[in-house]
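Trainee: Quick one, what's the 3D model for this:
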Amino acid sequence: MICSTDATHNPDLRSWLESANQADTDFPIQNLPFGVFQTGMNGPRIGVAIGDQILDLAACTAAGVFQELPEPLQAACAAASLNPLMALGGAASLPLRHHLSQLLQVGATHPPADQILVPMAEAQLLLPATIGDYTDFYASIFHATNVGKLFRPDQPLLPNYKYVPIAYHGRASSIVVSGTTIKRPSGQQKPANASAPVFAPSQMLDYELEVGCFVGTGNELGQPIAIDRAEDHLFGICLVNDWSARDIQAWEYQPLGPFLSKSFATSIAPWVVTLEALAPFRGEAFARPADDPPSLPYLTSAMDQQCGAIHLTLEVWLSSAQMRQAHLPPLQVSHSSLQQLYWTLAQMLTHHSSNGCNLRTGDLFASGTVSGPEAGMQGCLLELTQRGSNPLVLPTGETRSFLAEGDEVILRGYCEREGYIRIGLGECRGQVISN
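Mentor: I've put the predicted structure just below:
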């Protein structure tokens, strides 16, 4: 578990790239998140976000920047996706982080900037990895309670919630990178007073504020991952919007859970912030009430309880077509903290593999909607508008119970702590269009 800091987190570090030293950047030299991009006729390649630029790792490899690193790591840096790098585990990603930090520091010897840097504004950002499987958890007790109250006022949480990290198996093929438009899905839904369902476009389209985690090294079929080793199998995190059609979901989720109400699209941010970068922002896991049952032994770890949480602030912003026409900025509609998850990343991964399920490099699992205990901390419109009964009012006077055509949802996330430089996860954007 990576909870201790090193020289790469030094708040006094400065880069020779001036945009990386600006206070409002998500990508200072202390961050160094990985992604995949392409430009012009060049194919996909790995990049590292630094300020308003992308460090082209394939160009760095060609220029001999990584010749001191082991050959497998050099080959991974020249790959077209993050999967080879993820598969090498922390034993490779940590030395690479140190090498990149030294390369980008003020005073470092480096190839000409125009040979190894690409302006972010000129690049097409792609999915960072080949994602074989996607699992979505339900790890926020505040979200689970808020939603439960809408449908089961007398018993918001089902008896198993505080014992088992609940999840469903999502659809990897419909995961899209930030900026991809989201077509309004159609499906079966049953109006409240109707005797039979209809097939029609969803009228209750919603976003879900989530954080995803990529699996680095996998496990063999039949070999569970012990919780004290769980983070050895994790590479990094990114923002996730698991779009949901609530009217389709309400009709289909019994008795087996979400299906077509979720599988039409899941957006992820293009940048993956590594666990090494997050070390200064780790802390004690969510403090459960004294009368909650203890976790079962396979989900219990003193180390995970001590530093299994991530102090990551999450935000949802909304911009309607009418707002953009009036040149109005996006409206922040909610905020929450990943630290308040009931289950840690290590517990989620351990439970996922506990039956012997084999996780593979590049697999993605997400937290589920991250909500907080107070007003303004709801991670989706279902909670925020009380299933549409208390609509959100936009600066134009428009109201929203659920999303309308032209609405753009923007997720943002950042970590900050006194004594360290703020780092961000970038943005995860998606605009709704008609089907």
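Trainee: Please tell me how far the nearest residue to residue 60 once chain neighbours are set aside sits from residue 418.
Mentor: Leaving aside its sequence neighbours, residue 60 sits nearest to residue 116 (C-beta to C-beta, 6 or more residues apart in numbering; 5.3 Å). (C-beta placed from N, C-alpha, C; glycine too.) Counting by C-beta to C-beta, to the nearest Å, the gap from residue 116 to residue 418 is 34 Å.
Trainee: Looking at those two, which is more packed in?
Mentor: The neighbour comparison of residue 116 against residue 418 (other C-beta atoms under 10 Å) goes to residue 116, with 22 against 5.
Trainee: Check whether the more buried one really touches residue 108, as I assumed.
Mentor: No: counting by C-beta atoms under 8 Å, residue 108 is not a contact partner of residue 116; they are 11.8 Å apart.
Trainee: Now do the helices in this protein.
Mentor: 57-62, 71-77, 83-87, 90-104, 113-116, 141-151, 246-252, 302-307, 321-325, 345-353, 381-384 (DSSP state H).
Trainee: out of those helices, nearest to residue 276?
Mentor: helix 90-104 (5.3 Å; C-beta to C-beta).
Trainee: I'd like the mean pLDDT over that closest one, please.
Mentor: Confidence for helix 90-104, expressed as mean pLDDT, is 94.
Trainee: can you list contacts of it?
Mentor: 2, 6-8, 13, 15-17, 20, 29, 32, 48, 50, 55, 60, 65-66, 68-70, 72-73, 76-77, 85-86, 108, 110, 216, 232, 235, 274-277 (C-beta atoms under 8 Å, 6 or more residues apart in numbering).
Trainee: can you tell me which of these are in strands?
Mentor: Among the contacts of helix 90-104, DSSP state E puts 48, 50, 55, 235, 274 in strands.
Trainee: now, which of these sits nearest residue 374?
Mentor: residue 274 (30.9 Å).
Trainee: Pull up the gap between the nearest residue to residue 233 once chain neighbours are set aside and residue 17, please.
Mentor: Take residue 233 and drop its neighbours on the chain: the residue closest to it by C-beta to C-beta, 6+ apart is residue 217, 5.3 Å away. According to C-beta to C-beta, residue 217 and residue 17 sit 32 Å apart.
Trainee: likewise residue 265?
Mentor: Where residue 17 is concerned, residue 265 sits at a distance of 34 Å (C-beta to C-beta).
Trainee: out of everything not next to it in sequence, what's closest to residue 72?
Mentor: Setting aside the residues directly before and after it, residue 72 is nearest to residue 88 in space (C-beta to C-beta, 6+ apart), at 6.3 Å.
Trainee: Contact partners for that neighbour?
Mentor: Contacts of residue 88 by C-beta under 8 Å, 6+ apart are 72-73, 76, 216-217.
Trainee: Please convert these to CSV, extending it with distance to residue 399 and neighbour count.
Mentor: Below are the contacts of residue 88 laid out as CSV (distance: C-beta to C-beta, whole Å; neighbours: other C-beta atoms under 10 Å):
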residue, distance to residue 399, neighbour count
72, 55, 13
73, 53, 19
76, 50, 25
216, 44, 27
217, 48, 18
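Trainee: Between those, which sits nearest residue 388?
Mentor: residue 216 (40.6 Å).
Trainee: List the residues that contact that closest one.
Mentor: Taking C-beta under 8 Å, 6+ apart as the test, what residue 216 contacts is 86-90, 93, 232-235, 361.
Trainee: Tell me the one of these nearest residue 222?
Mentor: Distances from residue 222 to these, taken by C-beta to C-beta, are shortest for residue 233, at 15.6 Å.
Trainee: pLDDT wise, what is the closest one at?
Mentor: At residue 233, the model reports a pLDDT of 97.
Trainee: before we move on, back to that, distance to residue 395 added to the helices of the chain, as TSV?
Mentor: Output for those, formatted as TSV (distance: least, C-beta to C-beta, whole Å):
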stretch	distance to residue 395
helix 57-62	42
helix 71-77	45
helix 83-87	42
helix 90-104	40
helix 113-116	41
helix 141-151	25
helix 246-252	25
helix 302-307	41
helix 321-325	6
helix 345-353	36
helix 381-384	16
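Trainee: Residue 413: which of these is closest?
Mentor: helix 345-353 (14.4 Å).
Trainee: where does this structure dip in pLDDT?
Mentor: 1 (pLDDT under 70).
Trainee: Longest strand in it, by number of residues?
Mentor: Longest strand in the chain, counting by DSSP E: strand 423-433.
Trainee: Would you mark the buried spots in that strand?
Mentor: Across strand 423-433, burial judged by 16 or more other C-beta atoms under 10 Å covers 423-432.
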